[in-house]
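> could you look at this predicted model? Sequence included:
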Amino acid sequence: MKAKLIGYWAATVLLVFSVVSGGSAELAHRPDNVDGLVHLGYPVYFATIIGFWKVLGGLTVLAPRLPRLKEWAYAGIFFNMTGAAVSHAVSGDATWHVIVTASLALLAIASWALRPQSRTLGVLFAR
């Protein structure tokens, strides 16, 4: 049980750091982030929208309680990261872009699956 909790916190801290820092950079309209979004075919204002939701989603995953909102946050992070992986792949970007964003989607799944009972809506697997 302790290993599961350590795995949960390791996955969650890495995920939240990545999502919140990326979202903050998008909210700040850092040139490298904006250039990357434009390169993928998204309008500049998309940085504000996606950055706002990434920061809120990351903080929600980290916050205590709020189990239903956490489900939405995990889903949003997963959809964002898989969408980013596909966008990078279709745009012909370097393979590492696809791997990093897909890895963050997998990290979201790991964090979600390893959550302690107090952070879930109900039992995932009945005994």
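Looks like it came in fine. Numbering: from 1, shown residues only.
> remind me, longest helix of this structure?
The longest helix of the chain (DSSP state H) is helix 2-27.
> ok, and the closest non-adjacent residue to residue 54?
Nearest non-adjacent residue to residue 54, counting by C-beta to C-beta, 6 or more residues apart in numbering: residue 23, 2.9 Å away. To be clear about C-beta, it is placed using only N, CA and C from the backbone, and glycine gets the same treatment.
> what pLDDT does the one you found get?
Residue-level confidence at residue 23 comes out at 97, pLDDT.
> still on that earlier bit, work out the gap between the longest helix of the chain and the centre of the chain.
Computed by C-alpha atoms, centre = their mean, to the nearest Å, the separation of helix 2-27 from the middle of its chain amounts to 8 Å.
> what helices and strands are in contact with it?
Using 3 or more C-beta pairs under 8 Å, 6 or more residues apart in numbering; DSSP states H and E as the contact criterion, the elements in contact with helix 2-27 are helix 31-39, helix 46-62, helix 95-113.
> measure the residue nearest to residue 54 to residue 92 for me?
Shown here: residue 23 relative to residue 92, a distance of 25 Å by C-beta to C-beta, to the nearest Å.
> one more: residue 28?
Distance check for residue 28 against residue 92: by C-beta to C-beta, it reads 27 Å.
> which one's more surrounded, these two?
The residue with more neighbours, out of residue 28 and residue 92 and counting by other C-beta atoms under 10 Å, is residue 28; that gives 13 against 6.
> could you report the pLDDT at that one?
Residue 28 is assigned 98 on the pLDDT scale.
> next, it: phi, psi?
When read as degrees, to the nearest 10, the backbone of residue 28 gives phi -80, psi 0.
> how many residues are close by the closest residue to it other than its chain neighbours?
The shortest distance from residue 28 to any residue other than its chain neighbours is 7.9 Å, reached at residue 51 (C-beta to C-beta, 6+ apart). In terms of burial, residue 51 registers 22 neighbours under the definition other C-beta under 10 Å.
> touching, residue 51 and residue 26? I think so.
Yes: taking contact to mean C-beta atoms under 8 Å, the distance of 3.1 Å between residue 51 and residue 26 places them in contact.
> before I go, just wanted to say thanks for your time.
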